[in-house]
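Visitor: Sequence unavailable; structure follows:
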């Protein structure tokens, strides 16, 4: 099952750029927004297995974040072996957890204003929680997942690494720095949801490519470890880390610039696209 946030309403995606408005098709039983859908996720999935309704079209620009207003956002640092190696750091023995503020969220296609500094790319698989999770064992973790989506953890490295301790959350939370999409795809859509290719392409050049089997802490283990500490709530979002290929560790370092186009993808889900402009252009309205 694929769920899209089409103009702020949950849609069941039935084909290329078409779907069913869930709120209308269910006789107003589910929705009309995404947070309400996740609160009744199990009930909704039972209904959706036989759902029918009038199909309508949409464009990529209509697609917002699959979980646009999560109560909690978790992000995991240094969670791919290749990224740990390129950073010259030791493999962590426990997940490094921070957050991205929800005001940074954006949809599948967005223009992002670049603040002054060094903005880097980080393609990620984002997990959306579908069932409340507390003290969940890894073996049962996937049953608490509503689905997966493509995430991009844009990062202003100067602010991120400023101070001691560094400002990870703040440096990754400028407006538009947390795009996700294009859809939420349920785990049963994949042959193996723990083994997916992900990558990103900058101005037509591949800059990241890996498989999620290269994670230090897999999705099920992350849910187990996080739920030992805090309760994961329906609609919560977890960015699961980025593979090798970021710009900051290249020789010379490479960062995003006005006019760049960044396409991020995950196998079996699709892709999201961001274009970049100077922060001054956003302020002037150009």
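Guide: Nice, thanks for sending it over. Source: prediction; values computed, not measured.

Visitor: Every contact and neighbour count from this point should use C-alpha atoms.
Guide: OK.

Visitor: Tell me where this structure is predicted with low confidence.
Guide: Applying pLDDT under 70 to the chain flags residues 281-286.

Visitor: Mind jotting down where the helices sit in it?
Guide: 22-25, 34-39, 41-48, 81-87, 157-160, 168-171, 219-229, 279-284 (DSSP state H).

Visitor: quick one: which of the ones you listed is nearest residue 56?
Guide: Ranking these by proximity to residue 56 (Cα to Cα) places helix 22-25 first, at 11.6 Å.

Visitor: Tell me which residues touch the most centrally placed residue in the chain, please.
Guide: The residue lying closest to the centre of the chain (Cα atoms, centre = their mean) is residue 151, at 2.8 Å. Applying Cα atoms under 8 Å, 6 or more residues apart in numbering to residue 151 gives the contacts 123-126, 178-181, 239, 264.

Visitor: Over to residue 225?
Guide: Not one residue lies near residue 225 by Cα under 8 Å, 6+ apart.

Visitor: Give me the nearest residue to residue 119, chain neighbours excluded.
Guide: Closest residue in space to residue 119, ignoring its immediate chain neighbours: residue 156 at 4.2 Å, by Cα to Cα, 6 or more residues apart in numbering.

Visitor: that older thread, the contacts of residue 151: which two are farthest apart?
Guide: Spatially, the most separated pair among the contacts of residue 151 is 239 and 264, at 13.8 Å (Cα to Cα).

Visitor: Need the nearest residue in space to residue 33, chain neighbours excluded.
Guide: Per Cα to Cα, 6+ apart, closest to residue 33 is residue 9, 5.0 Å.

Visitor: Could you report the distance from the one you found to residue 65?
Guide: Between residue 9 and residue 65 the computed distance is 11 Å (Cα to Cα, to the nearest Å).

Visitor: Show me which of the two is the more surrounded one.
Guide: residue 65 (26 against 19; other Cα atoms under 10 Å).

Visitor: wait, the more buried one sits on residue 105?
Guide: Yes - counting by Cα atoms under 8 Å, residue 65 touches residue 105, with 7.0 Å between them.

Visitor: what residues are shared contacts of these two?
Guide: Counting by Cα under 8 Å, 6+ apart, the residues touching both residue 65 and residue 105 are 179-180.

Visitor: returning to what we had before: go through the helices of the chain and name the closest to residue 1.
Guide: Once these are compared by Cα to Cα, helix 41-48 is nearest, at 8.4 Å.

Visitor: Name the residues of the closest one that are buried.
Guide: Judged by neighbour count (16 or more other Cα atoms under 10 Å), helix 41-48 contains these buried residues: 41, 44.

Visitor: starting at the chain centroid, how far to it?
Guide: Computed by Cα atoms, centre = their mean, to the nearest Å, the chain-centroid distance of helix 41-48 equals 22 Å.

Visitor: Residue 190: which of the helices of the chain is closest?
Guide: Checking the helices of the chain against residue 190 by Cα to Cα gives helix 219-229 as the closest, at 14.4 Å.

Visitor: ok, residue 49 - how many residues close by?
Guide: Residue 49, neighbours per other Cα under 10 Å, totals 9.

Visitor: Got the phi and psi for it?
Guide: The phi and psi torsions at residue 49 (degrees, to the nearest 10) take the values phi -60, psi -20.

Visitor: Among the contacts of residue 151, the buried ones, what's the PyMOL command?
Guide: Here is the PyMOL command that picks out the buried ones among the contacts of residue 151, judged by 16+ other Cα under 10 Å:
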select buried, resi 123+124+125+126+178+179+180+181+239+264
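
Visitor: Redo the contacts of residue 151 as JSON lines? Include distance to residue 76.
Guide: Shown next, in JSON lines, are these (distance: Cα to Cα, whole Å):
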{"residue": "123", "distance to residue 76": "12"}
{"residue": "124", "distance to residue 76": "10"}
{"residue": "125", "distance to residue 76": "11"}
{"residue": "126", "distance to residue 76": "10"}
{"residue": "178", "distance to residue 76": "14"}
{"residue": "179", "distance to residue 76": "16"}
{"residue": "180", "distance to residue 76": "16"}
{"residue": "181", "distance to residue 76": "18"}
{"residue": "239", "distance to residue 76": "6"}
{"residue": "264", "distance to residue 76": "18"}
